[in-house]
Every structure is written in structure tokens, then in C-alpha cells.
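Q: next comes the sequence, and after it the predicted model I'd like to discuss.
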Amino acid sequence: MGNSEWARAPIGMDAGRWTTWDGCRRVLAVACTVADAQRLMDPVATVASDPRVQVVFTVAPGQVFGSGLASWLARAGVVVVPWQQAVNTRFDLALAASASQALDRIHAPVVLFAHGVGFNKLTPAHRGRRGALDRATYGLGREGLVRDGRLVAERIALAHDEEALRLSSACPEAAGGARVVGDAAADRILASLERRPWCRSQLGLGADDVWVVAASTWGRSSLLGTGRPLLERLVVEAVSASCRVGLLVHPNVWAAHGSWQVHQWLGPLVSQGLEVVPVEAEWASALAAADAVVGDHGSTTVYATLTGRPVSVVGGGRADVDTASPMGQALRTLPTVGEDALPVDGVLRSPGAAESEALRAVAARTTSHPGRFAQRTRTVLYEVLGLSQPDVLPAARPLRPLGWDMRGWAA
């Protein structure tokens, strides 16, 4: 659908002529990136089965990491309406996972969700009024949440009670709209851990097989940006030790460079045994199946602490992390792996008492309501919609198969 071709159903001037369900409350999901869309599918699932609710998506324009989003949404099978139609239509509710300026143009009460865990990253430095370098925390600063003296979002969904305190300190105007609902990704990892043998079987792993996950965020200070030599050594040593290594790549990497180019760059490592997890795969299950994790300053490293398995961090990116965040704590307290270390020997360790406590402490900061994101989020969304909640309790999105053919990696 081109930008000029407006949808006639399920929204539009004469939509009633073409729709089967009538009188639905209209919910708009605003996606800026594939990462946004992935995060939004969890809150969307809490209302989507209600025949009184119609959900449509739109793609916010002018996004640096917007590449691949349209095709991702097409594969998901959702209705996508052009941006110009979205901003010229009134909705009963809008959902977003990025506090972009695009939200200013939406005619609906907005519920804003985080697109990562723990509000870890700092915004780029810029000059303040007195010439000092000011850096806010992504998702918590006034610049992203307040426009012309008013809040962009009617509700701000948070994962942890601690985040509410940090938000109140950084942006007092937003405190009244904050609701602590938990974290859907954490819930999916916990659900995957309950079915860990099934998750491992999806990867073709037996009880004695070893699966090491390397996780990279985007940017020059990421594992892929600065830690490629470490990743190369990890793959070579893992294969020689009869271990398998899977790589989780942030969606922004695929968006910025293109999947073809990323596969070209990673091709030599794949030929040596690296297994690159596709962006469409159920990454939470792949993470839950791990025997050990090597990560950088991205959210996946924090989520990995929920598995209770050893987690090692590479040293880059510290200057871009809020020291008060869960990631800041992880960088301070979890073992750091460097290029001079023996990756496999160091990664596949048995955590001692101090390390196990450090893992539990970081994991405890991912969510204040483990397993309850769907229930608590639905309460918030139906309050904004002005509808009574269905009698059936909401459930988290069911775990899907991991989503790629492992036979392709066996050669």
C-alpha cells in the first residue's frame, strides 16, 4: 500500500460498508522500528482478541532504523494504514514504544511502553544553557515526554517500581501517568525457562550439548562493533570444544546495514560454525536455552541474568550507560571478558556465590511483577478505552517455535 492509498477498511469514511465486526473501538499501534513492533505485539495481544476492539498499525516516518519494518509487519499479517491517514483519524487508544515527536500528531490517548529493559542508555551529549554537556536517560527525560508543557502520553507503562522513582525524579510531570505493569520480554523468558527442554529441542540440543549465546546491540561500541575478534575466538574455540554458538543481533543492525550485507560480513564466521538467529525468531526461547551468555551493553544482557546461567560482558559502551540502571549494575558486577581471555574456558564457568548473587540482583530489576504483564497491561488499556474487561483472564502470547530451520546450520 503506497503512502497515498488510504485504507477503506477497517477504518475510513465508509469502513462500515466493508467490515464484519461493527462498532469497534479503534486502537492504533505506532511503530518506528522492527524492535518497536516486536515490543508492541505483547500489549496489543492483551486487547486484540476482544471483538469490540480493532487494532491497526502505522509506520512513523523519518526513522533512521525504519528499514525492514514494512516487511516485518506484512509477515505479521496486521493491517497497516498510511501515516497520513493515521494522523488524520481519531482513535480511541494509541500504543507506542518510542517517545518520538511523531506521537504529537496522533489524535488519541497514548500509552507509551519502553523498547528495552531498565532505561539503560543515555541520550547523545548536547550543550546546555551554560555550556555544560547534558545527557538524559532515554525514555525518562523531559525532552522526550513533555511537549509545550503537556505530556505526550496519557499513560507510561513501566516494568519496575524503581523505574517509577527514576521517572519521578527525571520528569516530575510524568509521575501521575506512570503505571508499573511488568515486562513482557521478561515474562516470555521466564515462560521459556519453564519449557527449557522444549526450547533446547527446537535447537536440536540434547541434554549434554552446550549452547553459548552471544548477544550484540547496535552501534560502534557493541559486540559486533568492537568485539569482533572476541567473537571470532569464541566461535573457533567453541567448535573445537564441540560447543555451539548462537548470535542474537539487535534489529537496528539489520535495519542500518541491510540483511544481505550483515550476512556477508558474518559469512566467514557462519562457515566456521556460528549460528545467526534471524530477527523473526523467538529470541527469548533461544536465550532461555543457553548454557552461557556473552553480551554487551544491550538489553539482552540484562534479560540474560533471568536464566541464572553465567553471563559475561564485554567492556565497550560504558560511557553510554546510565550508571543507575540495571545495565550499569551489570557492567559493574558481572565478569568482564576481554580479547586476552580464553572465551570458552571463561564463559562456561560455574558461578560462585558472589557471581550468583550479582546475577540475581540484576535480574530482580527487570520486573516488579513477573508473569503478570498481560494482566496488568490489559487493566491499563481498558481503563483508557473506557471498556469493561473481558471475563477471560489475559494470557501472554504463546511461545512459538524458534523460527528458523536448524538443518541449514548443520553443514
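A: In hand now; what should we look at?
Q: and residue 248, which of the three is it?
A: Counting by DSSP: H, G, I helix; E, B strand; the rest coil, the backbone at residue 248 sits in strand.
Q: so what's it closest to, chain neighbours aside?
A: residue 215 (4.4 Å; Cβ to Cβ, 6 or more residues apart in numbering). C-beta: built from backbone N, CA, C; applies to glycine.
Q: which of the three states applies to the one you found?
A: strand.
Q: mind checking how far residue 283 is from residue 253?
A: Distance, residue 283 to residue 253, by Cβ to Cβ, to the nearest Å: 13 Å.
Q: the two - which one has more neighbours?
A: residue 283 (26 against 22; other Cβ atoms under 10 Å).
Q: contacts only, for that one.
A: 248, 277, 300 (Cβ atoms under 8 Å, 6 or more residues apart in numbering).
Q: check residue 24 too.
A: Going by Cβ under 8 Å, 6+ apart, the list of residues near residue 24 reads 10, 51-54.
Q: give me the spatial nearest neighbour of it, chain neighbours excluded.
A: Per Cβ to Cβ, 6+ apart, closest to residue 24 is residue 54, 3.9 Å.
Q: what's around the one you found, how many residues?
A: Using other Cβ under 10 Å, residue 54 has 23 neighbouring residues.
Q: before we move on, what SS does it have?
A: strand.
Q: need the three-state assignment for residue 218.
A: Assignment for residue 218 (three-state DSSP): coil.
Q: touching, it and residue 256? I think so.
A: Yes - assessed by Cβ atoms under 8 Å, residue 218 is found in contact with residue 256 at 6.7 Å.
Q: which residues are in contact with both of these two?
A: With Cβ under 8 Å, 6+ apart, residue 218 and residue 256 have common neighbours residue 65.
Q: look at the two and report which has more neighbours.
A: More neighbours surround residue 218 than the other of residue 218 and residue 256, with 21 against 16 (other Cβ under 10 Å).
Q: how near is that one to residue 69?
A: Counting by Cβ to Cβ, the gap from residue 218 to residue 69 is 15 Å.
Q: same deal with residue 246?
A: 24 Å.
Q: how does the protein divide into domains?
A: 15-185+368-385, 189-366 (automatic domain parsing).
Q: just how off-centre is the longest one within its chain?
A: A distance of 12 Å separates the C-alpha centroid of domain 15-185+368-385 from that of its chain, computed with Cα atoms, centre = their mean, to the nearest Å.
Q: which regions of the stretch 151-300 of the chain sit below the pLDDT cut-off?
A: Low-confidence segments of the stretch 151-300 of the chain, defined by pLDDT under 70: none present.
Q: now the stretch 301-411 of the chain
A: 339-342, 395-398, 400-411.
Q: now the strands for it?
A: Using DSSP state E, counting those that start in this stretch, the strands of the stretch 301-411 of the chain run over 311-313.
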